[in-house]
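Trainee: Turn this into a model:
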Amino acid sequence: MGTVVGSITEETPKFTVLARKGFYEVRKYVPGVAIETMDSDDRAFQRLAQYIGVFGEAQNMKKEKISMTAPVVNRQHAESKQLKCMQFLLPSKYTMDSAPIPMDQNIKLVEVPERILAVHTFSGVADERIARAILAELLAHMKKDSIQADEEQWKLYRYNPPWTLPFQRTNEVVVPVLNFPKEEAKKESS
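Mentor: As a prediction, this is how the structure comes out:
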């Protein structure tokens, strides 16, 4: 997953840019499938990596090795409000019907619907404290632009491994948009 200089060679989710707002973009993402678990970052990453076969035999019912994708997604747990839930998006060839069933009961397959997200991209270290500060700024910009956000569903996207130089990392704070006007949408492909 990437290198020390931050190049991203893994498959990333496809999207269309609907608007560029200065501090953020509004994007429409295609649907997909993810695997998800809840734990500390290190344990969650290891568990998900075992499912796709990073450390040897894939820990899924088909024993099928699966390519790593980017980003690694963190979302907040509904009750604790901490970023304790981690997702790997599966390659686009998978559907809920074709994705291998996890052997680990702590991993679940999750359908990721088509979605419109406000996205702020940044470099550097992306921990929860920094992500929450960026989220607050993103929400303020969205409010100024009269764009409603589903604040409870925000996520942190991290595209690079921890050994990537911090200034070379690509990270994003994303939040679902509830009311993006169709007449404002300017289509630009990603």
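Trainee: Spatially nearest residue to the residue nearest to the spatial centre of the chain, not counting backbone neighbours?
Mentor: What sits nearest the mean C-alpha location of the chain, by Cα atoms, centre = their mean, is residue 73, with 3.5 Å. Distances taken as Cβ to Cβ, 6 or more residues apart in numbering place residue 87 nearest to residue 73, at 4.0 Å, with adjacent residues excluded. In short, each C-beta sits where N, CA and C put it, glycine included.
Trainee: How about the secondary structure of the closest residue to residue 163 other than its chain neighbours?
Mentor: Using Cβ to Cβ, 6+ apart and skipping residues adjacent in sequence, the residue nearest residue 163 is residue 4, 5.8 Å away. Under DSSP: H, G, I helix; E, B strand; the rest coil, residue 4 falls in the coil class.
Trainee: before we move on, back to that, list the beta-bridge partners for the residue nearest to residue 73.
Mentor: residue 36, residue 73 (DSSP bridges).
Trainee: how close does the residue nearest to residue 163 get to residue 126?
Mentor: Distance check for residue 4 against residue 126: by Cβ to Cβ, to the nearest Å, it reads 17 Å.
Trainee: So between the two, which is more surrounded?
Mentor: Neighbour totals were compared for residue 4 and residue 126, and residue 126 leads with 23 against 11 (other Cβ atoms under 10 Å).
Trainee: picking up where we left off before, dump the residue contacts of the residue nearest to residue 73.
Mentor: Contact analysis of residue 87 by Cβ atoms under 8 Å, 6 or more residues apart in numbering lists 34-36, 48, 72-75, 110.
Trainee: want to throw these into CSV with distance to residue 91 and pLDDT?
Mentor: Output for these, formatted as CSV (distance: Cβ to Cβ, whole Å; pLDDT from 0 to 100):
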residue, distance to residue 91, pLDDT
34, 11, 98
35, 12, 98
36, 16, 97
48, 14, 98
72, 14, 97
73, 15, 97
74, 20, 95
75, 20, 91
110, 15, 97
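Trainee: Among the residues you listed, which one sits closest to residue 96?
Mentor: Looking at the contacts of residue 87 and their distance to residue 96, the nearest is residue 110, at 8.8 Å (Cβ to Cβ).
Trainee: picking up where we left off before, I'd say the residue nearest to the centre of the chain and residue 34 touch.
Mentor: Yes. Using Cβ atoms under 8 Å, residue 73 is in contact with residue 34, at 7.0 Å.
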